[in-house]
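Participant: Sequence and computational prediction follow.
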Amino acid sequence: MRRFLLLLLLFLALTLLAFFCIRHHAPAIEADLQVRSTAALSAAAITGARATVDGRDVLLEGTVASEELKKQAEKEIRAIEGTAQITNRLRIGAGSVTGGSSSAS
């Protein structure tokens, strides 16, 4: 019985340690995902789209020129390691100047 209580206490201590470690690193993880999300949209030349990170969840908002760019923005964010859920609230509108990945010859 004593051994069981000791193991239970050890398990609880490790669980608490893990919890506090995760809570301590959560802001850094969130900030990293924010930077990588913004960089991914910029690298894909998707303007008018904003990525907001909450934990590991990403919210896409703004206006893009086409349905194709809306889908591409979500695809770019899904490719980022560490994202959990992506909510795509991008709107399609003519007021956005966007470009896809194009190459000049």
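Facilitator: Sure, I can see it.
Participant: Can you classify Ala45 as helix, strand or coil?
Facilitator: State at Ala45, reduced to three classes by DSSP: H, G, I helix; E, B strand; the rest coil: coil.
Participant: Which of the helices and strands in this protein ranks last by mean pLDDT?
Facilitator: When the helices and strands of the chain are compared on mean pLDDT, DSSP states H and E, helix 2-43 comes out lowest with a mean of 89.
Participant: And that one, how far out from the chain middle?
Facilitator: 16 Å (Cα atoms, centre = their mean, to the nearest Å).
Participant: Please apply the same query to stretch 42-58.
Facilitator: Using Cα atoms, centre = their mean, the mean C-alpha position of stretch 42-58 is found 8 Å from that of the whole chain.
Participant: what do you get for stretch 70-77?
Facilitator: 12 Å.
Participant: in that stretch, what's buried?
Facilitator: By neighbour count on 16 or more other Cβ atoms under 10 Å, the buried set for stretch 70-77 is 70, 72-74, 76-77. To be clear about C-beta, it is placed using only N, CA and C from the backbone, and glycine gets the same treatment.
Participant: any idea how far Ala31 is from Val53?
Facilitator: According to Cβ to Cβ, to the nearest Å, Ala31 stands 8 Å off from Val53.
Participant: And for Glu67?
Facilitator: Glu67 sits at a distance of 24 Å from Val53 (criterion: Cβ to Cβ).
Participant: Compare those two and say which is more crowded by neighbours.
Facilitator: For the pair Glu67 and Val53, the greater number of neighbours falls to Val53 (22 against 10), based on other Cβ atoms under 10 Å.
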